[in-house]
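Asks: attaching a predicted model along with its sequence, questions to come.
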Amino acid sequence: MNDNDERPVTIIIGRVRRAKTGPWEGVHILLAAPDDDTAVRTALTALTREGYVEAELDQIGEMQGEPDEEPHLSAWQGALEGEVSIVMVKEG
């Protein structure tokens, strides 16, 4: 990868909850990481910092370019800047 290449953004899709008996909420986590294992560890650490006590991560992949719409566009930009972006989504 040279300096002109855009870093890949990883997206992790799953569900989280703030209490062991609380409701599950859909989540998309966007971040830049060198590999899937690092991405998962970093995502779980960020979720814990945000107060989530349980997570089920279902899918992980690399985003193919910039998203078209918010809130994923801002989350993608944050991931490029080194942030872990957590987007809550409606399940179903």
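Replies: That came through fine. Residues are numbered from 1 along each chain as shown.

Asks: contacting residues for the residue lying closest to Lys90 once chain neighbours are set aside?
Replies: Counting by Cβ to Cβ, 6 or more residues apart in numbering, Lys90 lies nearest to Gly26, which is 6.2 Å off, once chain neighbours are set aside. (Glycine included, C-beta is placed from N, CA and C.) Shown in contact with Gly26 (Cβ atoms under 8 Å, 6 or more residues apart in numbering): Ile13, Gly14, Arg15, Met88, Val89, Lys90, Glu91.

Asks: longest single helix anywhere in the protein?
Replies: For the chain, the longest helix by residue count, based on DSSP state H, is helix 36-49.

Asks: which other helices and strands contact the following helix or strand past that one?
Replies: Next helix or strand after helix 36-49 toward the C-terminus (DSSP states H and E): strand 54-62. Helices and strands touching strand 54-62, by 3 or more Cβ pairs under 8 Å, 6 or more residues apart in numbering; DSSP states H and E, are strand 10-17, helix 36-49.

Asks: strands paired with the next helix or strand after the first one, and their directions?
Replies: Following strand 10-17 in sequence order, the next helix or strand is strand 25-31 (DSSP H and E). Partners of strand 25-31 in the sheet, by DSSP bridges, are strand 10-17 (antiparallel), strand 85-89 (antiparallel).

Asks: what pLDDT does the closest residue to Val40 other than its chain neighbours get?
Replies: Residue nearest to Val40 in three dimensions, not counting chain neighbours: Leu57, with 6.4 Å by Cβ to Cβ, 6+ apart. Looking at Leu57, its pLDDT reads 97.

Asks: and if you look at Pro67?
Replies: pLDDT, read off for Pro67, is 95.

Asks: how about the one 4 residues further on?
Replies: Pro71 carries a pLDDT value of 96.

Asks: and for Lys90?
Replies: Value for Lys90, per-residue pLDDT: 89.

Asks: next one: Asn2
Replies: pLDDT, read off for Asn2, is 39.

Asks: so which of the helices and strands packed on strand 54-62 gets nearest Leu80?
Replies: strand 10-17 (11.4 Å; Cβ to Cβ).
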